[in-house]
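A.B. asks: Predicted model follows, preceded by the sequence.
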Amino acid sequence: MTAADAIFESRRPAMTGLAYRMLGSRAEAEDVVQDAWLRWREVDENGVDNPGAFLNRVVSRLCLDRLKSARARRELYVGEWLPEPVVDVDETFGLGENLTVAFLLALERLTPLERAAFLLHDVFDTPFAEIAATLGRSEAAVRQLAARAREHVKSGKPRYQPSPDEERRLTQAFIAATLSGDAATLRGLLAEDVVMHADGGGKASATMNPVFGLDNAVRLLEGIARKWPHPDGTSARLARINGQPGVVLSHGGVVFQTMGLDIVDGRIAAVYTMRNPDKLARVAP
């Protein structure tokens with residue numbers, strides 16, 4: 001491995017994590033990092049004073065370019081869009097509160113420049129001077145971008161950190177009740193203001209919009225279990241989905257659904273169901 005290769009590989013986890021948070025797609029994040037590698041190969045690393053800053057700049061600009069077309073695609077997306085789930089990963093993506101689905105959905109409400117400024121500064125500890133050079137804005141302007149973004153994403157940060165035992169107990173009980181359509185148990189697990197999110201991408205059955213409230217959520221899950229039961233032989237395993245508790249459902253060795261849970265004060269406050277097969281292709285059964 002050359003010195004240039006070693007520098008790039010040492011930065012790969014941070015670059016992948018930045019690109020995933022910018023784009024909400026693991027596949028696109030890895031494509032961006034590959035594009036960054038092609039650009040890095042054309043550079044004399046000895047002439048780069050700060051390789052980390054240089055590579056962050058390349059990745060950020062590549063992501064901003066992709067976000068322009070992503071916005072147009074989202075407008076045509078069938079149903080609710082959710083980020084591609086990251087399941088049981090190592091530190092490649094950097095676990096923690098800034099990987100949760102709620103946080104990533106909060107980022108979706110930002111402009112691309114706000115998103116870049118916020119992530120680079122608040123998540124990846126990049127100085128504002130470097131961010132200004134990356135975004136082609138003044139340092140004062142990027143400070144304002146980050147400040148505006150910070151206000152918007154407050155709602156996406158977790159309000160409660162359950163213990164591992166509580167996570168396991170609630171997740172196991174939830175998946176058992178969901179598969180069987182046990183309404184009474186579901187009422188004891190879900191919060192009054194629970195929100196059910198689902199992404200089928202027009203390629204798998206899913207609710208078109210979020211479902212709000214305990215009664216509606218229970219009716220939804222009970223109805224799914226009654227009308228569209230999962231096939232015999234369905235396998236369910238506990239998993240970490242975007243750093244939070246969840247479950248992976250598969251049949252015949254093929255993953256057809258993941259469900260990530262947001263637990264608050266001992267109840268399930270949100271469920272993020274992914275059924276779009278394109279976004280499940282990298283998930284192991």
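C.D. replies: Everything's here; your move.
A.B. asks: Now Gln257, what are its backbone angles?
C.D. replies: Main-chain torsions, Gln257, degrees, to the nearest 10: phi -170, psi 140.
A.B. asks: Can you give me the neighbour number for the closest residue to it other than its chain neighbours?
C.D. replies: The shortest distance from Gln257 to any non-neighbouring residue, by C-beta to C-beta, 6 or more residues apart in numbering, is to Leu249 (4.3 Å). C-beta here means a position set from N, CA and C on the backbone, and glycine is covered the same way. Around Leu249 sit 21 other residues, with neighbours defined as other C-beta atoms under 10 Å.
A.B. asks: other SSEs contacting the strand or helix carrying Glu222?
C.D. replies: In this assignment (DSSP states H and E), Glu222 forms part of helix 214-227. On a contact count with 3 or more C-beta pairs under 8 Å, 6 or more residues apart in numbering; DSSP states H and E, helix 214-227 meets helix 164-180, helix 183-189, strand 190-199.
A.B. asks: Other residues contacting it?
C.D. replies: 177-181, 183, 186-187, 190-194, 196, 207, 211, 271 (C-beta atoms under 8 Å, 6 or more residues apart in numbering).
A.B. asks: Return the members of the residues you listed classed as buried.
C.D. replies: Buried by 16 or more other C-beta atoms under 10 Å: Ala177, Thr178, Leu179, Gly181, Leu186, Leu190, Ala191, Val194, Met196, Thr207, Val211, Val271, out of the contacts of helix 214-227.
A.B. asks: Nearest residue to the first one in space, please, no chain neighbours.
C.D. replies: Same thing as Ala177. Nearest non-adjacent residue to Ala177, counting by C-beta to C-beta, 6+ apart: Thr185, 3.9 Å away.
A.B. asks: which residues sit in contact with Gly52?
C.D. replies: For Gly52, the contact set (C-beta under 8 Å, 6+ apart) comprises Arg11, Ala14.
A.B. asks: Repeat the analysis, applying 7 Å as the threshold.
C.D. replies: Taking C-beta atoms under 7 Å, 6 or more residues apart in numbering, we find Gly52 in contact with Arg11.
A.B. asks: Can you tell me the SS state at it?
C.D. replies: helix (DSSP: H, G, I helix; E, B strand; the rest coil).
A.B. asks: what's around Glu151, how many residues?
C.D. replies: Glu151: 8 neighbours (other C-beta under 10 Å).
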